[in-house]
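In: Structure, please.
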Amino acid sequence: MIRASRVLIAFAAMLMMSACGEPSSSERFIISDGTGEYEFPVEFSDTAALYDLSFYTAIDKPLKRVDQPGSFPMELLWQAPSGRCFTETVHYPVASSKVLYRKDVEPGELGNWTLRVSVASEPRGLRGLGLEVVRKPNPNIQ
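Out: Down below sits the predicted model:
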């Protein structure tokens, strides 16, 4: 009986230690202030990981109106820990609440990045913009 309780205690301790690990995802939602400017800190610190990045929004209903385009452009500026910058434009479909932006990202630099998003003309009813970052094991690393 004493041996069984020791095994149970060891098992419970292992479960508690595994629960103390770093979370595998993070997200941040920024409420719109009408300027169309959003800034997200993004941590890429795990050398053995890949990252999936998704944007999500909240837009007042109706999502689709005759006078509203099917998507809105977002200017993205990524700033690496070294200070180097990368830019691109992506289009967010108005009818989608969440959109996969990049899958299996393996950053060129580890550390704290900054993502600045500019929405030149926010669609009517846009409540804000969110970014979800999911960290997952890189199958190419043993």
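In: ok, the closest residue to Pro107 other than its chain neighbours - how many residues close by?
Out: Excluding the flanking residues, the one nearest Pro107 by CB to CB, 6 or more residues apart in numbering is Phe44, at 4.1 Å. Glycine gets a C-beta too; all of them are placed from N, C-alpha and C. For Phe44, the neighbour count with other CB atoms under 10 Å is 20.
In: Show me which positions of the strand or helix carrying Leu77 end up buried.
Out: Following DSSP states H and E, one finds Leu77 within strand 71-79. For strand 71-79, the neighbour count (16 or more other CB atoms under 10 Å) marks Phe72, Met74, Leu76, Gln79 as buried.
In: Return the residues in contact with the third one.
Out: This points to Leu76. Residues near Leu76 by CB atoms under 8 Å, 6 or more residues apart in numbering: Thr87, Glu88, Thr89, Val90, Leu115, Arg116, Val117.
In: So which of those sit within strands?
Out: Judged by DSSP state E, the subset of these located in strands is Thr87, Glu88, Thr89, Val90, Leu115, Arg116, Val117.
In: Using neighbour counts, trim those residues to the buried set.
Out: Using 16+ other CB under 10 Å as the burial test, the ones in strands among the contacts of Leu76 include Leu115, Val117 as buried.
In: Neighbours of Phe40, how many?
Out: By other CB under 10 Å, the residues close to Phe40 number 20.
In: Please apply the same query to Glu122.
Out: 17.
In: same thing with Arg135?
Out: So Arg135, with other CB under 10 Å, has 19 neighbours.
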